[in-house]
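Asks: only geometry, no sequence info:
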């Protein structure tokens, strides 16, 4: 399949501030592509330029083979959008919400009822078709928002953090719906704060920071940036972080990264013996260990290595006064 979205040397400046800096990447037709990065990295600005909501300072965007510049209306017909905030008309029923957007999308009148009925069925909202959307749960509103974005049958669907705020069950349900849309031929561009979501859904990922693409590839390819072995993770009190970092460098030759109270470091090999030696050294140093473990590289490890920040903070736990030790 060819490229359905192509960014070439895309730059966006706001005065002296460069939000997006010479970004080039391609999204293939039929794939799920994840655009990830810390807050303020340039993700939203990039998405808004693709959506024609912002005009690039320089560079070029191609959508389905044609230049976006001068072809905004043509591009909009190819794209659907589901925003991070679930926006439904609370005083309108589910059917009325869909009817409103069917008119905004200029869907032919002879197709409206069929598409609306199919959307209600897809969202499992047939029984709630004539119930005001403001009474729906968060999961129901997200399902309504998703099928609403698909009413015009777009070739490209942009999902801006589609599962933020959902519980585990509703998040899993939404993942299934996204996969099915993709299986049916829709190209999906996804932003998310849940790295496990990107790992589960995306064929390829682009990580952006300070307006630049700093990593691009499949989830497996990007995880290799964190190393081929396991990743050591230690959580200690803040006042002990620098001592642990210095010890890992000098005694074990590791390259640790510290973020608040958590220290991570790629292990050169999957060696439980080295893990045990590190644990013993910490005990000899009389440093209270809140948590220590080792795991296979994750996308969060890549974020920490590349940007010095993770997408979400975690904390250690104490169980029965002993450190929680994990090897997985």
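Replies: Perfect, I can see it now. Since the model is a prediction, treat every value here as computed from it, not as a measurement. Residues are numbered from 1 along each chain as shown.
Asks: Spit out the contact partners of residue 43.
Replies: Counting by Cβ atoms under 8 Å, 6 or more residues apart in numbering, residue 43 touches 35-37, 191, 208. Backbone N, C-alpha and C define where each C-beta goes, glycine included.
Asks: now, the most widely separated pair of those residues?
Replies: Pairwise distances across those peak at 9.9 Å for 191 and 208 (criterion: Cβ to Cβ).
Asks: so which of the contacts of residue 43 would you say is closest to residue 155?
Replies: Closest to residue 155, out of all of the contacts of residue 43 and judged by Cβ to Cβ, is residue 35, at 17.8 Å.
Asks: most remote residue from this protein's center?
Replies: Distance to the chain centre peaks in the chain at residue 284, reaching 40.6 Å (criterion: Cα atoms, centre = their mean).
Asks: Tell me the spacing between that residue and residue 251.
Replies: 11 Å (Cβ to Cβ, to the nearest Å).
Asks: Same check on residue 198?
Replies: Per Cβ to Cβ, residue 198 is found 35 Å from residue 251.
Asks: Mind checking what secondary structure residue 139 has?
Replies: With DSSP: H, G, I helix; E, B strand; the rest coil as the basis, residue 139 sits in helix.
Asks: Could I get the contacting residues of it?
Replies: Listed by Cβ under 8 Å, 6+ apart, the contact set of residue 139 reads 166-167, 169-170, 173-174.
Asks: Just the buried residues of those residues.
Replies: Neighbour-count burial (16 or more other Cβ atoms under 10 Å) applied to the contacts of residue 139 gives 166, 170, 173-174.
Asks: Mind putting those residues into JSON lines with secondary structure?
Replies: Converted to JSON lines, the buried ones among the contacts of residue 139 look like this (three-state DSSP):
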{"residue": "166", "secondary structure": "coil"}
{"residue": "170", "secondary structure": "helix"}
{"residue": "173", "secondary structure": "helix"}
{"residue": "174", "secondary structure": "helix"}
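Asks: Which of the residues you listed sits closest to residue 48?
Replies: Of all the buried ones among the contacts of residue 139, residue 174 has the smallest distance to residue 48: 23.0 Å, by Cβ to Cβ.
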